[in-house]
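Undergrad: sequence? don't have it. structure:
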């Protein structure tokens, strides 16, 4: 329960409607300028159906820790996960939470003008007012002390976090937080996992940032390990009271 509370406190919602939708492993918090829980549930069912049916026919999609080839018959969300995994050099399921947040969010934009979808700490955002996204970093002394300021002109945007010291996501590293910003939420999720796997000590922070610099679709990234914070790209870091 603690991790859910942490993630749900990461976003400053402003005057948007707030509601939660959960199906199996997917637990979404949605903020929108219209109250759309039923539309959200329908979109989540659609996303999960495409992924689950593809896994049933291709079990390697779920179990692989390495990229797999893109196939012509892949549903759009499966293709997005596969392409993101190739760029990040991870398995496709490393992009699942971000992909679902993004595809649900884009479906909801057919019915509203602003939406934020948070799925396990991975965020898809399309807004008309500035938003503040807080960063939880486990036991790091920086945890809860800083946030990212997101301007409307930079949305739609994906903001994804991976950590090796807390949370539910699988990480082979020991970063307290890796945050990646990209126009593709699926890619941000896959890259956060990839960089998180690299960071085992404070001296690895620079290596993770150097990796992100090589990916054209990335706006920026932030890595926290212990007392060390490294950041690169088009991001604005602000303090939190």
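TA: Noted; the coordinates are in hand. Computed from a predicted structure; not experimentally measured.
Undergrad: Wait, residue 229 touches residue 222, no?
TA: Yes: with contact defined as CB atoms under 8 Å, residue 229 reaches residue 222; the gap is 7.0 Å. Just so you know, the C-beta spots here come from the backbone N, C-alpha and C atoms, and that holds for glycine as well.
Undergrad: Looking at those two now, which is surrounded by more residues?
TA: More neighbours surround residue 222 than the other of residue 229 and residue 222, with 25 against 20 (other CB atoms under 10 Å).
Undergrad: helix or strand for the more buried one, which one?
TA: Assigned by DSSP states H and E, residue 222 belongs to strand 220-225.
Undergrad: partners of that strand, with directions?
TA: Here strand 220-225 has these sheet partners by DSSP bridges: strand 177-182 (antiparallel), strand 228-233 (antiparallel).
Undergrad: Highest average neighbour count across the ones you listed: which stretch is it?
TA: Stretch with highest mean neighbour count among these: strand 177-182 (a mean of 29; mean count of other CB atoms under 10 Å).
Undergrad: C-terminal to it, what's the next element?
TA: helix 185-198.
Undergrad: now that following helix: mean pLDDT?
TA: Regarding helix 185-198, the rounded mean pLDDT is 96.
Undergrad: now the helix or strand that it is followed by, how far from the chain's geometric center?
TA: Sequence order places helix 205-213 as the next helix or strand after helix 185-198, per DSSP H and E. Between the centre of helix 205-213 and the centre of its chain there are 18 Å (CA atoms, centre = their mean, to the nearest Å).
Undergrad: So which elements touch helix 205-213?
TA: Applying 3 or more CB pairs under 8 Å, 6 or more residues apart in numbering; DSSP states H and E, one finds that helix 205-213 contacts helix 185-198, strand 220-225, strand 228-233.
Undergrad: circling back to that earlier point, okay, the strands paired with strand 220-225 in JSON lines with mean pLDDT next?
TA: Below are the strands paired with strand 220-225 laid out as JSON lines (pLDDT from 0 to 100):
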{"stretch": "strand 177-182", "mean pLDDT": "96"}
{"stretch": "strand 228-233", "mean pLDDT": "95"}
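Undergrad: The residue lying closest to residue 140 once chain neighbours are set aside and residue 29, how far apart?
TA: Leaving aside its sequence neighbours, residue 140 sits nearest to residue 176 (CB to CB, 6 or more residues apart in numbering; 4.0 Å). To residue 29, residue 176 is 22 Å away according to CB to CB, to the nearest Å.
Undergrad: what does residue 90 give?
TA: As defined by CB to CB, residue 90 lies at a distance of 25 Å from residue 29.
Undergrad: Give me the residue ranges of the protein where confidence is low.
TA: Residues of the chain that meet the criterion pLDDT under 70 lie in 1-13, 164-173, 241.
Undergrad: please redo it, this time with the cut-off set to 80
TA: When residues are selected by pLDDT under 80, those of the chain lie in 1-14, 138-139, 141, 143-144, 163-174, 240-241.
Undergrad: In it, which residue sits furthest out from the middle?
TA: Most distant from the centre of the chain: residue 57, at 26.1 Å, with distances by CA atoms, centre = their mean.
Undergrad: What spatial separation is found between that one and residue 49?
TA: Distance of residue 57 to residue 49, given as CB to CB: 13 Å.
Undergrad: The nearest residue to residue 46 once chain neighbours are set aside: helix or strand, and which one exactly?
TA: Counting by CB to CB, 6+ apart, the nearest residue to residue 46 once its immediate chain neighbours are dropped is residue 107, at 7.3 Å. Element membership for residue 107 (DSSP H and E) is helix 96-108.
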